[in-house]
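Q: Curious how this folds, go ahead:
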Amino acid sequence: MSLEVPASQQRRCAVHPDQPAGGTCTRCGSFICADCATSVPGLGVRLYCVACAARPDVNYLEALRQRYLGRRDEWAWVVGGVTLLLCVTVVAALALWGPGTRRQSLFLLVLLIPVPVGVAFFLGQRWARHALLATPLVVAVAADALYRDARFLFLLCLVPSMVTALRIHRDVRNQLFFRLPVSPEALKVMWNRRFNNRIARHALRFGLGAVLLPLWAPIAVICGAVALTRVDPKATPPIGRRGQALTGIFLGLVSPLLWWFVLLPVLDRWLSPMFYK
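A: Numbers count the residues shown, from 1 in each chain. Take a look at the predicted model:
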């Protein structure tokens, strides 16, 4: 008696009937072969057919990419606003004081150096992303050549400007605005920061705030409890931040006790000599 299953009775792939099925799609349940089996970044070892893996409700990272691809982010509006402010400042200075001396006129031109870069950045020109990194340094060097006695002030403005420009250059949301390729790992980090159980993050913040001000403690506990009920690692997309929710609840419960038994007695011993001499 043979235990082999006849080829005609073996399960076949729904797309490739000539191929044996190695499993089923997690979403629709259809049989899939090795060529059709598709994993979705961020969903662990789950396998889908090609059609289901392309659905936005399944591949939430790709849906996130398509949602923001080519759309201006917050940094684009910040750069555009600063560019407009520089133009208004130069025009107002010329209207109030006129061209002034040669050095003053050159300084106004130095202030206009970021304008072409800012306009190109706002319009989504990719070269402007890299030019934005060098623009603060170019402006600081040019301004220092005109007013060497204000070098410390220019350096003071240069450091935060360079840090901000580097942050913009590395921002995933900004890269999507410029239609640059972004890895699934970076998209997952962006998803977790912006959309993954945000109330758990609020619980953590209120919990930390309750250490300084116990009035935040009930809000931390409530937010943490609500966030904890939303945690579902098996959902699509997965909902996490259990640790932040538990930490918010813990701090919300402990902070009033900390104030009552530790901090208030210490403050009382420290302030009593000042008021009861």
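Q: use CA for all of it now, contacts and neighbours both
A: Fine.
Q: quick one: the most centrally placed residue in the chain and residue 227, what's the gap?
A: The centroid of the chain falls nearest to residue 190 when counting by Cα atoms, centre = their mean (4.7 Å). Using Cα to Cα, to the nearest Å, residue 190 is found at 19 Å from residue 227.
Q: ok, back up a step: check contacts around the residue nearest to the centre of the chain.
A: Each residue near residue 190 by Cα atoms under 8 Å, 6 or more residues apart in numbering is listed here: 172-173.
Q: ranges for the strands of this structure?
A: 23-24, 31-32, 38-39, 47-48 (DSSP state E).
Q: Those strands: which one's closest to residue 69?
A: strand 38-39 (22.4 Å; Cα to Cα).
Q: now the strands of the chain in CSV, with mean neighbour count?
A: As requested, these are exported to CSV (neighbours: other Cα atoms under 10 Å):
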stretch, mean neighbour count
strand 23-24, 19
strand 31-32, 25
strand 38-39, 18
strand 47-48, 22
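Q: Would you tell me which of those gets closest to residue 114?
A: strand 38-39 (44.6 Å).
Q: how much space is there between residue 177 and residue 184?
A: 16 Å.
Q: Ok, residue 103 next?
A: Distance of residue 103 to residue 184, given as Cα to Cα: 51 Å.
Q: And residue 177 and residue 184? Which one has more around it.
A: A direct count of neighbours by other Cα atoms under 10 Å for residue 177 and residue 184 places residue 177 higher, at 22 against 15.
Q: so the more buried one touches residue 68, yeah?
A: Yes. Look at residue 177 against residue 68 with Cα atoms under 8 Å: they come within range, at 6.6 Å.
Q: pLDDT score assigned to residue 172?
A: Here the pLDDT value assigned to residue 172 is 94.
Q: Going along the chain, name the helices of this protein.
A: 50-53, 60-68, 74-97, 102-111, 114-122, 127-146, 151-170, 172-177, 184-194, 198-212, 217-230, 242-258, 264-275 (DSSP state H).
Q: Using TSV, lay out those together with distance to residue 28.
A: Below are those laid out as TSV (distance: least, Cα to Cα, whole Å):
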stretch	distance to residue 28
helix 50-53	7
helix 60-68	17
helix 74-97	38
helix 102-111	59
helix 114-122	43
helix 127-146	43
helix 151-170	38
helix 172-177	31
helix 184-194	24
helix 198-212	30
helix 217-230	25
helix 242-258	29
helix 264-275	60
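Q: List just the one of the ones you listed that sits closest to residue 31.
A: helix 50-53 (11.5 Å).
Q: Mind pulling up the pLDDT for the nearest residue to residue 31 once chain neighbours are set aside?
A: The shortest distance from residue 31 to any residue other than its chain neighbours is 4.4 Å, reached at residue 24 (Cα to Cα, 6 or more residues apart in numbering). Looking at residue 24, its pLDDT stands at 80.
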